[in-house]
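Colleague: All I have is the shape, not the residue letters:
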């Protein structure tokens, strides 16, 4: 049985036989071909690295350095951090041993990038300083521009934004001074745009992204796709920052396109972050959070992408109303970045002369974010407490003519879904859900015998019933909370009619607030399909037909048409619409208790036993039955 020959011994044998140089040339050539074709193989680079590390010879140093550089670059783009660290360490060791300053500068630069990528800012900044000193010894503007871009990047992800800007501004000016340096000016502009994004200066950031696009010619083909992935990711962030959703989605498509061409793990991670951000900003927040959490599973802590993902997650949690969890995440991130900052400061004070005055800008930003979220959390708790109290009143009012207490929940949920379908602003969507829950709060002041009358109401009783709109508006008046301000308007005016024959203000047409016009339709649909003590329920198709009949009379014609199409699709997706709309309500202990009690009362009724006196909980209306001939306007 043959004994395996160690890689180092194989290399020494090749050296003695004169075959070392051809072997290295084949590796370098194959690496170039694989990079150009996008068919790189991890096994190929792992075998090559193992063999290169084992060489103990002074021959073919430049070729070996080229091969080690190729390995380090491949593993960096792949996201294989341990292998990238091993390759760049071997690269640096051989470069220093060679005494060739150009290679030493490159090796220190690569080491700085890889150590920054794994969150080791201390060592990254040490290598940055060594690379800068070597570049200045070489007297080359090219070398200095390259190193300054790397220093700017390392300082940026260490949270030292102001000082990163100084390095990058110098790199940008150097890069634009000579045609062959334009790619480095383009890279500097991208990083400046990222800093401006983090500082909230979105318009200025977009200007630098456009400058980067103007300067990007000259990139080697194998680097261009990765470069564009980074550029487009920054463009997406900035477009989100200015609220231009169309621009954000357009740049996301380009980011995805270049990520597929780059075909690296890093590119895939970046485009996943861009998708997650767009979903959180103007798509489905929960989908965005899921995308980010999946991406985070493959990331090393403290990398630039990791910090971005954490910030996007915090944004998503806040949008879902999970403010306390968002605050906890900010505090954890600030603690982690604080440790990294202190490590960076130790490195800079001991070994690096550039830059001279550092400020922990990113920590300051996170501290401001933490303070803001603390205020939001306090406000959120106050809002929730007030909303809970008011919702309990709303439930009490609802139980007076809807024994399940779920009418308000369904109206709120359906109003939110319809508003999302209409692509209304997010704030309006959230306010409509609350307003839908509270639209009938004024009924708590109306006597039971009027609400539950099984016969036609007298003129006096009808006037008393109609007063619930004014009473509801008065109950919710003078709130400083946007959701309750909207709920006041809806409670007061959801019975206005398009033709001006509604109440209490006889508003007509588009003078009626759009929130009231939406909830008027939703409220009537739910009332018709679930019935009332004096009206049997009808099918969804019959209710939608009646809404069409009443468009231009009772309802806004455009909204009525939109609602009919929206409901037909919703019913196709969720045949049991009522159960779908009641999901969130069924999380409430009170509604669970009411449902259980209703089931018990229904069972008692079926057994022929008497209901309790005073019938404060009338039996649930039967589904189906003949449609009512009365107006679809709910009581």
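Modeller: Noted; the coordinates are in hand. The structure displayed is predicted, hence computed values, not measured ones.

Colleague: contact partners of the helix or strand harbouring residue 408?
Modeller: When elements are defined using DSSP states H and E, residue 408 is found to belong to helix 407-421. Contact partners of helix 407-421, identified using C-beta atoms under 8 Å, 6 or more residues apart in numbering, comprise 394-395, 398, 402, 428-430, 432-440, 518-519, 521-523, 525-527, 530, 562-563, 566, 570, 578, 581-582, 584-585, 591. C-beta here means a position set from N, CA and C on the backbone, and glycine is covered the same way.

Colleague: mind running it again at 7 Å?
Modeller: With contact meaning C-beta atoms under 7 Å, 6 or more residues apart in numbering, helix 407-421 is reached by 394, 398, 428-429, 432-434, 436-437, 439-440, 518-519, 522-523, 526, 530, 563, 566, 570, 578, 581-582, 584-585.

Colleague: Just the buried ones from those residues?
Modeller: Neighbour-count burial (16 or more other C-beta atoms under 10 Å) is assigned, among these, to 394, 398, 428-429, 432-434, 436-437, 439-440, 518-519, 522-523, 526, 530, 563, 566, 570, 581-582, 585.

Colleague: if we can go back for a sec, could you point out which element follows the helix holding residue 408?
Modeller: Proceeding N to C from helix 407-421, the next assigned helix or strand is helix 426-438, under DSSP H and E.

Colleague: packing partners for that following helix?
Modeller: helix 361-399, helix 407-421, helix 482-493, helix 514-530 (3 or more C-beta pairs under 7 Å, 6 or more residues apart in numbering; DSSP states H and E).

Colleague: Might you list the low-confidence residue ranges for the stretch 151-300 of the chain?
Modeller: Residue ranges of the stretch 151-300 of the chain with pLDDT under 70: 158-159, 222.

Colleague: repeat for the stretch 1-150 of the chain
Modeller: Under the criterion pLDDT under 70, the flagged ranges of the stretch 1-150 of the chain are 1-18, 36-40, 119, 121-122.

Colleague: try 80
Modeller: 1-19, 34-41, 79, 116-122, 125 (pLDDT under 80).

Colleague: So the chain: which segments form each domain?
Modeller: According to automatic domain parsing, the chain comprises the domains 1-99, 400-606.

Colleague: Distance from the chain centre to stretch 451-467, please.
Modeller: Centroid separation between stretch 451-467 and its chain, computed with C-alpha atoms, centre = their mean, to the nearest Å, is 49 Å.

Colleague: now for it, what's the gap between its first and last residues?
Modeller: 12 Å (C-alpha to C-alpha, to the nearest Å).

Colleague: Ok, stretch 70-88 next?
Modeller: First-to-last residue span, stretch 70-88, C-alpha to C-alpha: 10 Å.

Colleague: buried ones in that stretch?
Modeller: 70-81, 83-88.

Colleague: List the contacts of it.
Modeller: Contacts of stretch 70-88 (C-beta under 7 Å, 6+ apart): 28, 31, 40, 42, 45-46, 48-49, 68, 91, 110-111, 113-114, 117-118, 226, 264-266, 269, 298, 300.
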